[in-house]
Each structure stands twice: as structure tokens, then as C-alpha cells.
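Q: pasted the sequence and its predicted model underneath.
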Amino acid sequence: MKKIFILAIAVVFPVFLALNVAGDDNSKLEIKVLVDDEPARKLDMLLVDKKGYLAIDDVARIFNAELEPGKKPGEKVLDFSRGKVIFTDNSPYVIINWIRRRMNKSPLSIEGRTWVPLEGIISSAFVGVVGRTVTWNYSKKTLRVIKKSEKKEEIEEEIKKAVNITSVNIYPHKNYTRSVIRLSEDLTYKFTRVEDKKLFLRVQNGSVDTEAGTYTLDDDVIKGIRSIQDTDSALIELELGKNAGGHIVEKKTRPLRIVVDIKKKVKEEEEDKIKKTAKAKKRIRTIVIDPGHGGKDPGAIGPRGTKEKDVVLRIARQLARYLKKNLKCRVIMTRSSDIFIPLAQRTEIANQKKADLFISIHANASLRKNTRGFEIFFLSEKATDAEAQAVANKENEVIILERGIDRSDELYKILGEMAIYEFINDSSEACSFVSKAVSKSGRLINRGVKQAGFHVLRGAGMPSVLIECAFISNPTEEKRLKNSAFQSRIAKSIGEGIKEYKEWTERGN
């Protein structure tokens with residue numbers, strides 16, 4: 001009986017696994033394949049969790065390769081005139097001309113047919129074996145296979161037709177290093193930074209020449225760049241050097257391009273000179289805390305009726321107590337009761353008090369009730385992504401309640417530009433310290449550091465940050481925001497980050 005039961009599991013489990021892989025979340029996308037000057041072909045691309053896969057027998061036909069079973073179970077061998085490529089079902093490792101490489105995804109075996117990840121087909125290593133240039137354009141749903149020409153100009157012209165990220169370049173300067181990603185059409189992007197190691201830029205619907213967009217260079221700010229083609233996007237990965245400092249990411253027009261500036265950290269000998277001349281200037285003596293909303297402006301309202309203006313005031317009070325006790329500095333609140341203050345007057349208070357740091361405290365909200373986590377922002381003309389812009393739009397809505405504030409005034413515009421360009425590096429650093437402190441506490445999901453155009457930060461004559469403590473629209477986080485113990489914990493985490501930022505600033509960066 002036991003043997004029969006084990007046999008049943010052995011038979012049923014692979015069937016269940018195959019059904020699970022080819023479940024309802026997966027679909028097939030008809031794509032066009034262009035090979036040299038041949039007529040266009042159409043074939044199916046399998047989409048699993050929005051990632052693309054091609055049937056290995058289709059790949060063999062596209063590149064005129066022999067498809068053979070390998071020596072080991074699950075192995076499939078593509079035999080080209082220039083070498084062999086070996087894929088293995090459910091393994092991320094691929095062997096290309098006897099060199100073992102790792103892909104981000106594994107080939108899938110569904111109903112006896114092997115599907116290989118698109119990334120494996122358009123990689124520079126695969127291209128080297130097939131002797132052709134391979135590009136993928138998601139917006140046109142087109143896989144293009146270009147014959148290797150002896151004339152470099154012909155190849156470049158063919159690639160330009162197939163990609164919408166036309167070049168990926170790095171330009172080192174004295175105080176910073178700039179990466180420029182040029183576009184042939186307007187594309188959206190998101191970026192994330194992993195501490196001081198890497199910065200990732202994902203371009204939605206982007207198609208890139210991965211070979212031309214991958215290289216290293218002798219620079220201590222950006223050591224190299226890697227371009228990766230995914231099914232529905234292109235990933236540009238910047239490897240940061242030992243002297244990589246703060247960053248600015250923005251999209252520019254005329255021509256269309258995404259510009260990434262990485263500030264260069266000051267060298268030790270220069271740092272000593274700066275410390276002597278700027279030590280007296282770089283002190284954090286006064287901090288202004290701004291509890292968002294208030295009075296006739298309730299801010300966001302949670303499912304149980306909790307008002308943003310109330311919880312952020314309590315968190316701001318806790319933060320003020322922590323900073324006064326642990327930083328030994330003057331702390332000023334823009335409001336200490338339930339009153340309405342126009343956005344421009346909040347930074348005006350900070351300017352009048354000659355503050356060295358401005359902190360605006362808020363609670364986030366989303367139409368998706370399961371969205372949760374902590375976010376921190378610094379001021380920028382361009383938002384990190386659509387979600388960051390939505391947060392800025394929400395916080396800027398209070399303008400309709402204000403009277404007598406002329407935002408077309410030239411002085412207001414000048415102050416706004418100063419807030420962005422003069423203090424952007426220090427603001428970015430303050431965000432990083434606070435974000436790291438919140439991550440260390442382990443109390444919240446950390447959604448990271450972002451940038452957007454918040455009116456409340458415009459006009460601040462000092463580094464400034466805007467903190468979204470949690471999502472009041474999420475029932476669980478709404479309950480936590482009302483809890484005094486949670487208010488104290490989040491205030492302490494923010495305070496610890498500010499303390500580290502203060503120490504960093506007074507060391508002379």
C-alpha cells in the first residue's frame with residue numbers, strides 16, 4: 001500500500017507542477033521575428049509573471065541550429081556552427097561554449113516543450129555564438145536578428161532601427177560623474193539605489209543594445225555600466241565606485257534622455273581643508289519639524305476615520321522630544337496644535353528661525369488598501385516615478401485651501417530653485433541616513449528614498465525632507481499610527497537617522 005501511495009505522488013506531482021507553471025497567471029503573446037531580409041515570421045512568446053520565454057525549438061529554427069537532447073536529464077543542446085549552447089530545465093545555469101553562466105530565470109518544461117528565457121537569447125554571450133546581433137523591442141513586439149556585417153556603420157544603423165534606448169554613456173567630471181541614457185521616444189522609468197554599491201534604472205518598454213551598453217571604465221565614482229534586456233523593460237545597472245556620493249536622476253528633453261549624476265566624495269586631503277574653513281558653518285543647531293496639514297485641512301483619512309493631521313502631530317512631538325534630548329539642539333515646531341498653516345509659511349518659519357534642517361512629517365494614502373510602508377522624499381522637479389508623483393500631488397492639494405499666496409512671484413520661484421539645486425545633495429544624504437535607521441529598526445517595510453516636487457519643501461533655505469511614516473489608508477497601518485508606542489518607535493527611528501546625519505555633517509561630510 002505504501003509503495004502504491006509513493007508511486008502516486010511521483011506521478012501526480014510533476015503533472016501538478018506543470019499545470020501550476022502553465023496556470024491562469026500565464027499567457028502567450030504573438031510576436032514578430034525579423035531575420036535579415038527574410039519575410040517576417042510570427043510565433044508565440046510565453047509570458048510567466050510578465051517575463052518572456054521562447055520555445056527552444058523555435059529558437060533552433062530562427063538561428064538554423066541543430067536541437068539535440070543533452071547527456072543529463074532536462075538538458076537541451078543548440079548546436080551552432082560557431083559553438084554549442086546547453087540549457088537545462090528548471091536551472092538558471094546555461095553553458096555557452098563550455099563556459100557556465102547564470103541567468104536571472106530558469107528554462108521551463110511545460111507539456112514536454114522547453115521554454116527558455118528571452119534574456120538568454122539576447123545576451124552578448126549567446127550573440128557571440130550565433131554570430132548575429134539580436135535585439136528585442138517590447139513596444140513593437142519584435143525580435144530582430146541582424147546579420148553581422150563587415151561594415152560597422154551598417155550594423156549600427158540596423159541596431160538603431162531595433163532599439164529605443166539609442167546609447168548609454170558615462171562622462172566623468174571633476175566633482176561628479178554623469179551617465180546619459182539617450183532615448184528615441186518618451187519612456188517612463190524607475191530607479192533604486194543599493195547603498196553605495198549599485199544604482200538600478202528600469203526603463204519601461206525600453207529596448208537596448210546590451211552589448212554596446214555594457215562596459216567598465218577607470219573611474220572612482222562609476223566603475224561600470226551593464227545593460228540588461230527584459231521582456232517589457234530595459235535595466236541599466238550602474239556599478240558605483242568608492243567615491244560615489246549623492247545622486248540626482250532626471251529626464252530631460254531636446255534631446256530626450258535620462259541623466260544620472262553621481263556626486264564625487266571629497267578626497268581626504270581636500271576634506272581637511274574644507275573642515276578648517278567650513279567647520280564653523282556646517283553645524284546643525286536648529287531643526288524645524290513640520291507636522292503636515294492641520295485645522296481645516298485634515299490630510300488623508302483612514303478607513304476608521306483617523307485623520308492624518310492628528311497622528312503626525314503626535315509623532316512630531318515625540319520626534320521633537322527625542323532630538324532635544326539626544327542632539328542637544330534647538331527644535332521648533334511649525335504647529336503644536338490643530339491649526340491651519342499655508343505651505344509657503346511653513347518653510348518661511350524655518351527660514352526666519354535660520355534652521356539648519358527642515359523635516360515635514362506626513363502619513364501616506366493609496367487607493368490600494370493593501371499598500372503599506374515607510375517612504376522619505378527630497379525635493380526635485382521630476383518625480384522618481386508615477387507613485388512618487390502621486391504622493392506629491394496628494395500633499396500639494398492643500399493649495400486650494402490657501403489664500404493670498406502668489407506662486408507666480410519671482411522670489412518664490414528663485415527660492416524653489418535654490419531648495420532643489422543648492423541643498424539637493426545634503427537633502428539626499430539626510431534621506432539616506434533616516435531610511436537606513438528605519439530599516440535597522442525592522443518595524444516597517446521601507447519603500448526607500450524618492451524625489452518629487454513637494455510645495456511644502458520649496459523655498460526652504462536649508463536641507464529639507466518629507467517623511468511619509470506609514471499608509472493611513474491601510475487598515476493595519478492606520479491602527480499602528482494611532483498607537484502611542486508605535487508613534488514613539490517611528491519617531492525614535494527618524495531621530496536616530498537625523499542624529500547620524502548631524503554627525504556626518506559636522507564631520508565635514
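A: Structure's in. What do you need?

Q: for the host helix or strand of residue 167, buried residues please.
A: Per DSSP states H and E, residue 167 falls inside strand 165-172. For strand 165-172, the neighbour count (16 or more other CB atoms under 10 Å) marks 165-168, 170 as buried. To be clear about C-beta, it is placed using only N, CA and C from the backbone, and glycine gets the same treatment.

Q: please apply the same query to stretch 293-311.
A: Buried positions in stretch 293-311, judged by neighbour count with 16+ other CB under 10 Å: 293-294, 297, 299-302, 306-311.

Q: over to stretch 53-61?
A: By neighbour count on 16+ other CB under 10 Å, the buried set for stretch 53-61 is 53-56, 58-60.

Q: out of the buried residues of stretch 293-311, which sit inside helices?
A: In helices, defined here by DSSP state H, the members of the buried residues of stretch 293-311 are 308-311.

Q: ok, the residues you listed vs residue 472, which is closest?
A: Residue 472 has its nearest neighbour among those in residue 308, at 5.6 Å by CB to CB.

Q: shouldn't the closest one be in contact with residue 299?
A: Yes: assessed by CB atoms under 8 Å, residue 308 is found in contact with residue 299 at 2.9 Å.

Q: mutual contacts of those two, please.
A: Counting by CB atoms under 8 Å, 6 or more residues apart in numbering, the residues touching both residue 308 and residue 299 are 292-293, 362-363.

Q: and residue 366, backbone torsions?
A: Phi and psi for residue 366, reported as degrees, to the nearest 10, are phi -150, psi 150.

Q: touching, it and residue 470? I think so.
A: No: with contact defined as CB under 8 Å, residue 366 does not reach residue 470; the gap is 11.2 Å.

Q: wait, isn't residue 336 in contact with residue 294?
A: No: under the criterion of CB under 8 Å, residue 336 makes no contact with residue 294, lying 10.0 Å away.

Q: which residues do these two both contact?
A: Contact with both residue 336 and residue 294 is made by residues residue 313, according to CB under 8 Å, 6+ apart.

Q: look at residue 366 and residue 470 and report which has more neighbours.
A: Taking neighbours as other CB atoms under 10 Å, residue 366 and residue 470 compare with residue 470 leading, 25 against 17.

Q: you'd agree the more buried one is in a strand?
A: Yes: using DSSP: H, G, I helix; E, B strand; the rest coil, the assignment for residue 470 is a strand.

Q: helix, strand or coil for residue 67?
A: Reduced to three states by three-state DSSP, residue 67 is strand.

Q: which elements pack onto the helix or strand hosting residue 467?
A: Assigned by DSSP H and E, residue 467 falls within strand 464-471. Packing contacts for strand 464-471, counted by 3 or more CB pairs under 8 Å, 6 or more residues apart in numbering; DSSP states H and E, involve helix 308-327, strand 357-364, strand 374-379, helix 424-441, helix 475-482, helix 484-506.

Q: would TSV of the ones you listed with distance to residue 341 and mean pLDDT be doable?
A: Output for those, formatted as TSV (distance: least, CB to CB, whole Å; pLDDT from 0 to 100):
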stretch	distance to residue 341	mean pLDDT
helix 308-327	11	96
strand 357-364	11	94
strand 374-379	19	88
helix 424-441	21	89
helix 475-482	21	95
helix 484-506	21	94
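
Q: the ones you listed: which one's closest to residue 142?
A: strand 374-379 (37.2 Å).

Q: could you say what helices and strands that closest one packs with?
A: Contacts defined by 3+ CB pairs under 8 Å, 6+ apart place strand 374-379 against helix 386-396, helix 424-441, strand 446-452, strand 464-471.

Q: related to what we said a few turns ago, average pLDDT for the strand holding residue 167?
A: For strand 165-172, mean pLDDT rounds to 86.

Q: what's the answer for stretch 30-46, then?
A: 88.

Q: is it correct that residue 137 is in contact with residue 164?
A: Yes: contact criterion CB under 8 Å: residue 137 and residue 164 qualify, at 7.0 Å.

Q: which residues are in contact with each of these two?
A: Joint contacts of residue 137 and residue 164 (CB under 8 Å, 6+ apart) are residue 207.

Q: and the residue nearest to residue 492 when sequence neighbours are not counted, how far is that from residue 499?
A: In space, residue 492 comes closest to residue 322 once its chain neighbours are excluded; the distance is 5.8 Å by CB to CB, 6 or more residues apart in numbering. According to CB to CB, to the nearest Å, residue 322 and residue 499 sit 9 Å apart.

Q: and residue 490, what does it touch?
A: When contacts are counted by CB under 8 Å, 6+ apart, residue 490 touches 315, 374, 438, 443-444, 469-470.

Q: and those as TSV, adding distance to residue 282?
A: As requested, the contacts of residue 490 are exported to TSV (distance: CB to CB, whole Å):
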residue	distance to residue 282
315	28
374	28
438	24
443	31
444	30
469	28
470	32
